[in-house]
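In: Test case, fold it:
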Amino acid sequence: MPTLGLVNFNIVCATLGGFIALFGLVSFVVKEKFYLSEALLSLLAGVLFGPAANWIRPTEYALNDEVNLEYINLYFTRVVLGVQLVIAGIQLPPKYLKTEWRSLAYLLGPGMVVMWLITSMLVWAMVPNLTFLYALAVGACVTPTDPSIQFDLEREKIVIAESGVNDGLGYPFLFLPLYLITCIGEGAHGHTAGKAVGLWFYETWCYQIFLSTAYGFACGWFAKKLLHWAEEKKYVDRESFLVFALALALFVVGTDGLIGSDDVLACFIAGNAFTWDDWFRVQTADDSLQPTIDMLLNVAIFVWFGAVCPWHMFAHNDVIPIYRLIALGILVLLLRRPPIISLMHYRIHQIEEWRQAIVVGFFGPIGVSAIFYLYISQEYLRTQVLDDKGNQREDAARLSEIMMVVIWFLVTCSIIVHGLTIPLVKLGIKVPRTLSEAIERGSQDDHSSGGGRPGPPGPSHEETLELANKNLPQSA
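Out: Numbers count the residues shown, from 1 in each chain. Prediction:
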């Protein structure tokens with residue numbers, strides 16, 4: 001007798017497939033007419049399918065084990081970042097990291113440091129009973145940016161390059177406070193700050209950053225040589241040629257992960273080395289496979305975020321009241337990035353005017369990389385910051401809860417605010433202009449009926465929007 005197969009696998013496939021299909025039917029209108037990002041819509045869909053309808057049940061998939069759920073989140077974000085950063089590296093012009101090193105040095109040096117310190121100070125000020133050392137760990141997770149906004153071509157390139165590198169460079173900012181907490185934090189004994197700094201230089205800079213950079217460049221370079229050779233010999237078909245970048249991303253994520261290095265940074269470097277001579281990028285310029293994969297990963301990860309986000313913890317937790325959390329979100333979005341980009345923009349030739357600096361500074365979203373570093377931190381605090389009995393220290397447990405609440409809130413706040421900013425700005429330009437035109441037409445009609453001569457027409461609505469669009473990025 002036929003029975004209904006109401007199992008999680010069938011429900012998830014039907015839900016995700018149905019959403020992607022429906023979104024695809026109206027994607028042009030949504031993104032090009034209403035300027036709504038797929039990240040925001042996918043997050044809202046995840047909330048609808050997860051907590052609201054209970055069709056997506058992350059806790060059940062993790063066998064009702066919070067640790068399993070943390071690992072699912074960690075590995076999912078690793079794969080998404082790895083694939084997207086290889087694609088991002090391929091999209092850049094040849095030798096871009098070498099030719100634009102000066103601009104990147106400002107963005108990744110003083111830019112990241114100031115973003116880290118400002119965010120940490122805001123967390124320190126807003127979260128009760130939190131010392132600055134612990135706030136530094138929270139601020140480090142939200143220092144990297146996600147390239148979810150499309151600017152004009154020159155600014156888009158530098159933003160993609162900055163995001164690709166700083167996603168991997170989050171490790172030094174995160175592990176300096178984590179090592180210090182382990183060695184000299186509350187409940188620590190038998191260690192010194194010198195040991196923490198030594199671990200930071202050896203394990204983070206040498207093993208994570210330098211090794212992953214060299215490994216990623218080697219993988220990308222040899223992959224390019226092998227593919228070029230196979231293509232010249234006519235050994236590779238078109239389909240395999242196009243998916244080679246995806247295979248490279250998965251290979252680097254897996255192998256670099258096996259040696260315990262920074263696979264996120266390695267993936268971006270591998271993608272950039274893979275197209276160092278611009279050959280692969282030119283060969284695939286007219287194919288849409290890479291943007292399609294990028295879109296599918298974006299939709300999937302943000303639907304998952306909407307379903308797995310601990311929404312209830314924002315209002316019900318023991319670490320920060322909801323009004324302070326909201327104030328923290330607003331302050332971080334306003335002060336984390338725009339001030340330092342505005343101060344440095346005259347040193348970055350891609351950002352010519354202060355208006356452009358404000359836009360580039362504001363649109364540095366907090367996204368997938370923040371969740372990745374959140375669960376890197378959770379794993380470290382759970383397995384490495386222990387007391388004499390082998391249990392997690394009390395200060396580590398409290399920091400874990402603070403990070404879970406604050407970082408998830410900042411991510412959702414960024415997705416919502418950055419996803420709605422452009423539509424609201426466009427609406428703010430359009431509505432007053434439309435009303436003004438209606439009033440002007442009415443007055444001209446009255447004037448004409450009285451025998452007067454109408455004045456010269458003002459700029460059209462389309463001309464006004466075109467002028468406004470020059471100073472605004474487009475939603476991805």
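
In: Can you give me the first-to-last residue distance of stretch 55-73?
Out: Counting by Cα to Cα, to the nearest Å, you get 18 Å between the two ends of stretch 55-73.

In: need the helices for the stretch 251-400 of the chain, in chain order.
Out: Ranges of helices in the stretch 251-400 of the chain, per DSSP state H, counting those that start in this stretch, are 263-274, 279-283, 289-308, 311-315, 322-335, 338-344, 354-362, 368-383, 394-449.

In: Deepest-packed of those, please.
Out: Among the helices of the stretch 251-400 of the chain, helix 263-274 has the highest mean neighbour count (mean count of other Cβ atoms under 10 Å), at a mean of 30. C-beta here means a position set from N, CA and C on the backbone, and glycine is covered the same way.

In: Can you show me the CA trace of that one as PDB?
Out: Extracted as PDB, the C-alpha positions of helix 263-274 are listed here (Å, rounded to 0.1, in the frame of the first residue of the first chain):
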ATOM      1  CA  ASP A 263      42.300  26.400   3.600                       C
ATOM      2  CA  VAL A 264      40.200  29.500   3.100                       C
ATOM      3  CA  LEU A 265      43.300  31.700   2.300                       C
ATOM      4  CA  ALA A 266      44.800  28.800   0.300                       C
ATOM      5  CA  CYS A 267      41.700  28.700  -1.900                       C
ATOM      6  CA  PHE A 268      41.800  32.400  -2.800                       C
ATOM      7  CA  ILE A 269      45.500  32.300  -3.500                       C
ATOM      8  CA  ALA A 270      45.000  29.100  -5.600                       C
ATOM      9  CA  GLY A 271      42.300  30.800  -7.700                       C
ATOM     10  CA  ASN A 272      44.500  33.800  -8.300                       C
ATOM     11  CA  ALA A 273      47.500  31.700  -9.200                       C
ATOM     12  CA  PHE A 274      45.300  29.500 -11.500                       C
END
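
In: want to throw the helices of the stretch 251-400 of the chain into JSON lines with distance to residue 111 and mean pLDDT?
Out: Formatted as JSON lines, the helices of the stretch 251-400 of the chain follow (distance: least, Cβ to Cβ, whole Å; pLDDT from 0 to 100):
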{"stretch": "helix 263-274", "distance to residue 111": "17", "mean pLDDT": "97"}
{"stretch": "helix 279-283", "distance to residue 111": "26", "mean pLDDT": "93"}
{"stretch": "helix 289-308", "distance to residue 111": "25", "mean pLDDT": "95"}
{"stretch": "helix 311-315", "distance to residue 111": "29", "mean pLDDT": "96"}
{"stretch": "helix 322-335", "distance to residue 111": "14", "mean pLDDT": "97"}
{"stretch": "helix 338-344", "distance to residue 111": "6", "mean pLDDT": "96"}
{"stretch": "helix 354-362", "distance to residue 111": "10", "mean pLDDT": "90"}
{"stretch": "helix 368-383", "distance to residue 111": "15", "mean pLDDT": "97"}
{"stretch": "helix 394-449", "distance to residue 111": "17", "mean pLDDT": "86"}
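
In: a markdown table for the ones you listed, including distance to residue 217?
Out: A markdown table is the format used below for the helices of the stretch 251-400 of the chain (distance: least, Cβ to Cβ, whole Å):
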| stretch | distance to residue 217 |
| --- | --- |
| helix 263-274 | 5 |
| helix 279-283 | 15 |
| helix 289-308 | 20 |
| helix 311-315 | 41 |
| helix 322-335 | 34 |
| helix 338-344 | 27 |
| helix 354-362 | 27 |
| helix 368-383 | 21 |
| helix 394-449 | 30 |
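
In: what's the distance between residue 315 and residue 209?
Out: Residue 315 is 38 Å from residue 209, where distance means Cβ to Cβ, to the nearest Å.

In: Now do the strands for the stretch 1-150 of the chain: every range, in order, please.
Out: 149-150 (DSSP state E, counting those that start in this stretch).

In: Do a quick rundown of the helices in it.
Out: For the stretch 1-150 of the chain, applying DSSP H, counting those that start in this stretch gives helices covering 8-25, 27-28, 38-47, 58-61, 66-91, 96-99, 101-106, 112-126, 132-141.

In: Now do the most centrally placed residue in the chain against residue 305, distance only.
Out: Residue closest to the average C-alpha location in the chain (Cα atoms, centre = their mean): residue 146, at 2.7 Å. If you measure residue 146 against residue 305 using Cβ to Cβ, the figure is 12 Å.

In: Likewise for residue 220?
Out: 29 Å.

In: so residue 133 makes contact with residue 183?
Out: No. Assessed by Cβ atoms under 8 Å, residue 133 is found out of contact with residue 183, at 10.8 Å.

In: How about residue 207: what's its closest non-neighbour residue?
Out: Spatial nearest neighbour of residue 207, excluding adjacent residues (Cβ to Cβ, 6 or more residues apart in numbering): residue 261 at 6.2 Å.

In: show me the contacts for the one you found.
Out: Each residue near residue 261 by Cβ atoms under 8 Å, 6 or more residues apart in numbering is listed here: 207, 208, 211, 212, 215.

In: can we see that at 10 Å?
Out: Applying Cβ atoms under 10 Å, 6 or more residues apart in numbering, we find residue 261 in contact with 171, 207, 208, 209, 210, 211, 212, 213, 214, 215, 216, 255.
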